[in-house]
Structures are given as C-alpha cells and as structure tokens.
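**Student:** Next one to model:
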Amino acid sequence: MELNFKEIATATMVLFAVIDIIGSIPIIISLREKSGHISSGRASVIAAIVMIVFLFIGASILKLIGINVNEFAVAGAFILFFIAIEMILGVTLFKEKKGLKKTATVFPIAFPMIAGPGSLTTLLSLKAEYSTANIIVAIVVNVLIVFIVLKTSSRLQRFLGANGIAIIEKVFGVILLAIAVKLFTSNIQELFI
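**Tutor:** Alright, predicted model coming up:
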C-alpha cells in the first residue's frame, strides 16, 4: 500500500469539485432552517461509509450486471461533464426530489448531496486510474472538509457572500469539465483495444 501525494491531491480535488460542498452552502442553510438541526458529524460519517463501501463493492456490482470499470468510467465522464456544465452555466439539468422533514442529516445531506451519483461514479472512475489507498485518503480529506463546512456553513456564507460562492462554483466547474474530458479520453481508448 503505497501512498502517492499527486494521486491523493488529484483525487481530492476531483471529489471536492463533484461534491461541491461550498456551492451547497445555501442548500444546507435552507435545510437547517426547515429541519431545525443537522448533525454534521453523523452526515459526514454516513457519507464516508457509503463512499468507501461503494469503492470496494461497486466494481463487483458492475461485473454482476456485465459492465467493466472502463465503460462505467466513460459513463461517469458524461455525468461529470453535465455536472460541470450546471456549475459553469448555472443551469439545472438534474432535478432533485423535495420532501424532507427531520431526516435532513441522512437524506438529502449524506445521500445524495455528499455521497450521490456523481461522487459514486467518480470513485469508480478514479479507481480505474489510481490506487485504492490514495482514493480512501482523498475520501477522508473530503469528509473532513464537508464536516467543517457543515459546522460553519452560516459563517462561510456571510464571509464569502453570494458572489464568492458563485465564483468558487464556476472555477470548480471548469476544473471538473477538464477532468471529465481526461476521464473520457483515457478510458474510451481502453474500450477499443
């Protein structure tokens, strides 16, 4: 099990961009107002467990239904592409179901906001290129960031302001778009070999 700082840094940035916890601050604040309380620690731990379990058994599930990791990575690249377009252009392509009461800590915060389809797809896409140990470190780093953001969401919103959050979202959208293109080009070649 050899840790590679470059892989950890890249995987951390990719997951950070996909999870987009900074861009979710307004949603988190709204959920806090509606549900009264969100357990930052519980949401972070549940999201980490879901992501790590999926990292290990996701490929087996895919194999069971006859899909290889490269095919899933190409599909994941498309999802990342559309998430990036949403972030850059400020449009909504994916619709989220509403209807939450006291379960906001688990749903929709832990799943699907943090450990959602985008981050789970990203994990398997990253696994096609990086070591599992490095991806786990990236998950832990992101969960710590998520925990800090959930704990300090009100203060962060006041500090960054609406414009600051919008700028961060656009910057990470462009990074995510470049990553989607890289994932697509590196995995599409494997399908035709």
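
**Student:** Least confident secondary structure element in this protein?
**Tutor:** Of all helical and strand segments in the chain, the minimum by mean pLDDT, DSSP states H and E falls on helix 25-35, at a mean of 74.

**Student:** Buried ones in it, by neighbour count?
**Tutor:** Neighbour-count burial for helix 25-35 flags 25, 27-28, 31-32 (criterion: 16 or more other C-beta atoms under 10 Å). C-beta coordinates here come from the backbone N, C-alpha and C atoms, glycine included.

**Student:** again with stretch 45-62
**Tutor:** Neighbour-count burial for stretch 45-62, counted by 16+ other C-beta under 10 Å, picks out 46-48, 50-52, 54-55, 58-59.

**Student:** Quick check: the farthest pair among those?
**Tutor:** Ile46 and Ala59 (21.7 Å; C-beta to C-beta).

**Student:** thinking again about what came up before, can you redo the buried residues of stretch 45-62 as TSV with pLDDT?
**Tutor:** Formatted as TSV, the buried residues of stretch 45-62 follow (pLDDT from 0 to 100):
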residue	pLDDT
Ile46	95
Ala47	95
Ala48	96
Val50	93
Met51	96
Ile52	96
Phe54	93
Leu55	94
Gly58	87
Ala59	80
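
**Student:** Now intersect the residues you listed with the helices, please.
**Tutor:** 46-48, 50-52, 54-55, 58-59 (DSSP state H).

**Student:** Tell me where the model's unsure across the protein.
**Tutor:** Along the chain, segments meeting pLDDT under 70 span 1, 33, 94-103.

**Student:** Tell me which helix or strand comes right after whatever helix or strand Leu124 lives in.
**Tutor:** Taking DSSP states H and E as the definition, one finds Leu124 inside helix 117-127. Downstream of helix 117-127, the first helix or strand assigned by DSSP H and E is helix 132-151.

**Student:** quick one, what contacts Ala115?
**Tutor:** 46-48, 50-51, 54 (C-beta atoms under 8 Å, 6 or more residues apart in numbering).

**Student:** With Glu2 instead?
**Tutor:** 131, 133.

**Student:** Roughly how far does it sit from Phe16?
**Tutor:** If you measure Glu2 against Phe16 using C-beta to C-beta, to the nearest Å, the figure is 23 Å.

**Student:** The longest helix belonging to the chain: how far from the chain's middle?
**Tutor:** In the chain, with assignment by DSSP H, the single longest helix is helix 153-191. Distance of helix 153-191 from the chain centroid (C-alpha atoms, centre = their mean, to the nearest Å) equals 10 Å.
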